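>>> What shape does this take:
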Amino acid sequence: MATGIPLGILVGFLSGAAFVLCLKSARNNDPLKAGTSILAIPTSCFAGGWLTTLFDVDDILSSYVTALAATSIVVGAIPLYALVVSVTHELMADS
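Predicted coordinates:
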């Protein structure tokens, strides 16, 4: 359990960064980069497979997933909010 929280924060930061790159690519009308960024998110959440080989997943799973989710949400929330506001302003200007 002691390693689950720091590991979840680290991997959550990487997953959140992948999500932010996906948002940026989608906003710049680059579907290939957006698609590859979406595919990178599950890989980064499970740490590319090394997580299950180095740690006993049953011992760290709940603390890891909690820290992962919280960190990913914190990293991705502000860019997602900015994107929603930007798209809303564009839609309101067009109508």
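
>>> Would you mind listing the buried residues in the top helix by length along the chain?
For the chain, the helix with the greatest residue count under DSSP state H is helix 57-94. Using 16 or more other Cβ atoms under 10 Å as the burial criterion, the residues of helix 57-94 that qualify are 60, 63-64, 67-68, 71-72, 75-76, 79. (Glycine included, C-beta is placed from N, CA and C.)

>>> Name the surrounding residues that touch the lowest-mean-pLDDT helix or strand in the chain.
One helix or strand of the chain scores below all others by mean pLDDT, DSSP states H and E: helix 50-54, with a mean of 74. Defining contact as Cβ atoms under 8 Å, 6 or more residues apart in numbering, one finds that helix 50-54 is touched by 7, 11, 46, 57, 64.

>>> pLDDT-wise, what's the bottom of those?
Lowest-confidence member of those: F46, scoring 70 (pLDDT).

>>> Skip the chain neighbours and tell me the closest residue to that residue.
T52 (7.6 Å; Cβ to Cβ, 6 or more residues apart in numbering).
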